[in-house]
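Student: Give the three-dimensional model of this entry:
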Amino acid sequence: MQFKPLADRVVVRPFEEMETKKGGIIIPDTAKEKPMQGEIIEIGPGRTTDDGKLVNMSVKKGDRVLYGKYSGTEVSIDNEEYLIMRESDIFAIVVNS
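Tutor: Numbers count the residues shown, from 1 in each chain. Below is the predicted model of the structure:
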C-alpha cells in the first residue's frame, strides 16, 4: 500500500532496540524502551503559512532522525509499524562522518 502524509508530517520507520544489553541480559518486550531513532520513509509537501506560502521540509526520504520518546502516532500498515509525526517533533538528523 502506498501513502503520502499531508502538510508537514513525516512517516518514520522506528529502528528496533537490541534485545540484549552489555553483560548478556535479555530484555523482555514489556520492559524495552521505545526507540528514539528511525528512518524517514515518506514526507509531506510542507507547511503552509498564514499568508499561503509553502515552507519546504528540512528532512528528506532516507534521513536517519532522532525524535522524542513519545512523539508521533503509531500506525500499522501491511503488518509493519510506523510513526506519523510532524516535522517539528524531529530533534535532529543523524549525520555519519
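Student: Now stretch 86-97: buried residues?
Tutor: Neighbour-count burial for stretch 86-97, counted by 16 or more other Cβ atoms under 10 Å, picks out 87, 89-90. All C-beta atoms are positioned from the backbone trio N, CA, C, and that covers glycine.
Student: Likewise for stretch 37-48?
Tutor: Buried residues in stretch 37-48, counted by 16+ other Cβ under 10 Å: 38, 40-44, 47.
Student: With pLDDT added, can I get these in a markdown table?
Tutor: Output for the buried residues of stretch 37-48, formatted as a markdown table (pLDDT from 0 to 100):
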| residue | pLDDT |
| --- | --- |
| 38 | 95 |
| 40 | 97 |
| 41 | 95 |
| 42 | 96 |
| 43 | 96 |
| 44 | 95 |
| 47 | 93 |
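Student: got the residue ranges for the strands in the chain?
Tutor: Counting by DSSP state E, the chain has strands at residues 9-14, 37-43, 47-48, 54-55, 64-67, 73-77, 80-86, 90-93.
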